[in-house]
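Take a look and give me a structure for this.
(chains A and B)
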Amino acid sequence: MTIQIAIENRFEDFTLDVAFKAPAGVTVLFGPSGSGKTSVINAVAGLLRPDAGRIVVDDWVLLDTQTKHNLAPHRRRIGYIFQEGRLFPHLNVRQNLLYGRWFAPRDARRESLSRVVEMLGIGPLLERRPAALSGGEKQRVAIGRALLAGPKLILADEPLAALDEARKAEILPYFERLSEEVSVPILYVSHSSSEVARLASTVVALKAGRVVACGPPAEVLGDVAAVGARGTASILRARVVAHHLDGLSELSTAAGALWLPQMDVTEGQTIRVRIAAQDVILSRARPKGLSALNILRGTIMEIRYGDGPGALVVLAMGEDRLIARITRRSVAEMALEPRQTCYAVIKSVAVAPGDVGRGRFTQTAQ
Amino acid sequence: MAADGAYWLGPAEWQAVRLSIQVSFWATAASLPLGIFTAYALARWDFIGKQLLNGLVHLPLILPPVVTGYLLLLTFGRRGPVGEALEQWFGIVLSFRWTGAAVAAAVMAFPLMVRAIRLAIEAVDPKLEQAASTLGASRMWVFLTVTLPLILPGIIAGAILAFAKAMGEFGATITFVSNIPGQTQTIPSAIYAFLQVPGGQEAAGRLVLIAVAIAMLALVLSEFVARRVAKRVAGA
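Residues are numbered from 1 along each chain as shown, chains lettered A, B, ... in the order given. Below is the predicted model:
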């Protein structure tokens, strides 16, 4: 399953000009608001007709402006999860869930209502009207409704943006399950790098209507051009070793033990941990007498300088890369150079629980 | 007048009441589909001549009813271009028939009906219709399963408003189809006729009571139905 997208469209205030391929798994369209993310998936859905473009799912052509081929939205077989849910107010949850299924061809009705209801935990809500649901519940029903339409492609437009932190934490695991249990490719729009770290198998970073980076999340999140100096982060793979009574979880990485605030992941599982580059401190020698619990050993691979006073130091830790954002002055004073051994210090509390997720390793470890 | 002791209403009055209800019912029922279509076009589509259509629909609200009636007579009368064609091709004659009264009532009530339905359509979030189309519903199915249920309260309100307007229509009706007892004499025409003859006040008074009662009933009913439907649609 690959989706090929090439779109050009002039809006009043900016021009969208993007082309990329999205392989199977979760492709996150990542970028600040106004970068054209939603326009891209609206074009895939057929809700926006671009000036020029071609959109192909496998070898099924949804849009080709050259041959004037433009499939109507209802024939595109997509499951669109909107930011605001958009449940039908006059139908109850069950009727909402089954709405798309009714129009789906018989062979596309793969998902059974009971499985979807069980997966999303919405059994007790079936007879309720959307008006009587909380924001998080609405969004779960919206996911189910899209799934039951038997789509060939799932689109999600910042499905968590309208929710508060607690509701986000409630819904994100369902998207993680979705990416694990459903074989349909997912195009997911987000401006949150923690969502990228947790969900993405491929990231397409957009800025002002153009693709600035495209690749595995660890690569794109480490690219200053794509995410900006403040957004730069690394993704480490870590296995959960144990949950301790003092409220910390112990993880093991290629570069040593990692202690993080207790997380809701079973022991033995491998997860992704997003670490912001600006939360990492470097030391040439192994520091002693420090409050920070996490000291990871790595080798400097590369030092990148930008326009400002900062520099990015990339450490290799096994297959993973850890990026530290420090000042040029520090680089000079510490005389950092590639191939040196270096210690990275990370405060446990710097890693927010939202930055830790199951992810999908088969996709990123290419 | 109330010579027939078995009835509170005289036969002529009763006839007027029955005819009024018949005319108003058909005026409303027959124009409802066109009303929904026009309201939808005005609310959702952009086309050349939209303002013209909007003006045309609202014209009967502003024109003197006599003028509307006269224009109807010119168009749908037996010598009128449309009236002649209707008679020639379908054998339908509107002038001086109850069907003509229904046409007059429908034309006069149309702006009110379209206005109520249009407001309801404009209140429907097009994003819901988009969502339905992404789920595989064609335009027609989107309308039938999303738009129509959501605007139902507006349709009911518009229909009842139109019915009430049709019940009270006088000027255009009497100009177009005259005031023939049993054919075109609706309640307002009958009241007018009774008031022209000595001793007719009593019968006119009874019809006035009935007109008031029907109007009140229509209002209460519309309020009740619209509220129930709105509740169902809003999902409370």
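
ok, B:G182 - contacts?
Contacts for B:G182 (C-beta atoms under 8 Å, 6 or more residues apart in numbering or on different chains) come out as B:15, B:19. C-beta: built from backbone N, CA, C; applies to glycine.

so which helix or strand takes in it?
Of the helices and strands defined by DSSP states H and E, none includes B:G182.

Let me see the confidence value for it.
Listed pLDDT for B:G182 reads 83.

gap between it and chain A?
45 Å (C-beta to the nearest C-beta, to the nearest Å).

Next, give phi and psi for that residue.
Phi and psi for B:G182, reported as degrees, to the nearest 10, are phi 80, psi -20.

remind me, longest helix of chain A?
Longest helix in chain A, counting residues (DSSP state H): helix A:165-181.

Residue numbers of chain A in contact with chain B?
Residues of chain A lying close to chain B by C-beta under 8 Å from any C-beta of the partner chain are A:45-47, A:72-80, A:82, A:84, A:86, A:88-92, A:99-100, A:102-104, A:129-132, A:145-146, A:149, A:155.

Let me know the next secondary structure element after the longest helix of chain A.
By DSSP H and E, the next helix or strand past helix A:165-181 is strand A:186-190.

what number of residues lie near B:V197?
10 (other C-beta atoms under 10 Å in any protein chain shown).

Likewise for B:Q196?
Neighbourhood size, B:Q196 [other C-beta under 10 Å]: 10.

And the pLDDT at it?
89.

Next: A:R49.
91.

nearest spatial neighbour of it, skipping sequence neighbours?
Nearest residue to A:R49, sequence neighbours excluded (C-beta to C-beta, 6 or more residues apart in numbering or on different chains): A:N70, at 6.3 Å.

for the stretch 251-366 of chain A, what spans make up the helices?
Remark: helices assigned in the stretch 251-366 of chain A by DSSP state H, counting those that start in this stretch are A:328-334, A:361-364.

average pLDDT across the helix or strand that contains B:L221?
Using DSSP H and E, B:L221 sits within helix B:201-234. For helix B:201-234, the mean pLDDT works out to 84.

buried set for it?
Across helix B:201-234, burial judged by 16 or more other C-beta atoms under 10 Å in any protein chain shown covers B:203-204, B:206-207, B:210-211, B:214, B:218, B:222, B:225-226, B:229-230, B:233.

who in chain B is up against chain A?
Counting by C-beta under 8 Å from any C-beta, the residues of chain B close to chain A are B:125, B:127-128, B:130-139, B:141-142, B:145-146, B:149-150, B:232-236.

for chain B, what are the low-confidence residue spans?
Chain B contains residues with pLDDT under 70 at B:1-7, B:233-236.

so where do the helices sit in chain B?
Applying DSSP H to chain B gives helices spanning B:11-44, B:50-62, B:65-76, B:81-85, B:98-123, B:126-134, B:139-142, B:148-168, B:171-177, B:187-196, B:201-234.

Summarise which helices and strands the second one is packed against.
Applying 3 or more C-beta pairs under 8 Å, 6 or more residues apart in numbering or on different chains; DSSP states H and E, one finds that helix B:50-62 contacts helix B:11-44, helix B:98-123.

And the shortest one, what's buried?
In this case it means helix B:98-123. In helix B:98-123, counting by 16+ other C-beta under 10 Å, buried: B:98-118, B:120-121.

ditto for the first one
Burial within helix B:11-44, assessed by neighbour count using 16+ other C-beta under 10 Å, is assigned to B:12-13, B:15-17, B:19-21, B:23-24, B:26-28, B:31-32, B:35-36, B:38-43.

what does stretch A:112-120 give?
Within stretch A:112-120, the residues that count as buried by 16+ other C-beta under 10 Å are A:116-117, A:119-120.

Between those, which sits nearest chain B?
Within the buried residues of stretch A:112-120, the smallest distance to chain B is 14.3 Å, found for A:V116 (C-beta to the nearest C-beta).

contacting residues for that closest one?
So A:V116 contacts A:97, A:144, A:147-148 (C-beta under 8 Å, 6+ apart).

of those residues, closest to A:A22?
In terms of C-beta to C-beta, no member of the contacts of A:V116 lies closer to A:A22 than A:L147, at 18.7 Å.

Wait, the closest one touches A:L153, no?
No. Between A:L147 and A:L153 there is no contact under C-beta atoms under 8 Å: 11.9 Å.

Overlap in contacts, these two.
A:G79.

burial count for A:P309?
Quick note: A:P309 (other C-beta under 10 Å) scores 11 neighbours.

Give me the pLDDT for it.
A:P309 is given a pLDDT of 86.

sorry, back to before: helices or strands up against the longest helix of chain A?
Counting by 3+ C-beta pairs under 8 Å, 6+ apart, helix A:165-181 packs on helix A:113-120, helix A:135-148, strand A:186-190, helix A:193-199, strand A:356-357.

what's the second one in contact with?
Looking back up the chat, that one is helix A:135-148. With C-beta under 8 Å, 6+ apart as the criterion, helix A:135-148 contacts A:79-82, A:85-87, A:93, A:96-101, A:104, A:109, A:111, A:113, A:116-117, A:120-122, A:125, A:130, A:133, A:154, A:159-160, A:162-164, A:167, A:170-171, A:174-175, A:178, A:182, B:135.

pretty sure A:R129 contacts A:F88?
No. With contact defined as C-beta under 8 Å, A:R129 does not reach A:F88; the gap is 9.5 Å.

Which neighbours do those two have in common?
With contacts taken as C-beta under 8 Å, 6+ apart, A:R129 and A:F88 have no neighbour in common.

Reduced to three states, what does A:A229 come out as?
helix (DSSP: H, G, I helix; E, B strand; the rest coil).

ok, it touching A:I323?
No. If you go by C-beta under 8 Å, A:A229 and A:I323 don't touch, sitting 10.7 Å apart.

Quick one: residues contacting B:I92.
With C-beta under 8 Å, 6+ apart, B:I92 has these contacts: B:86, B:99.
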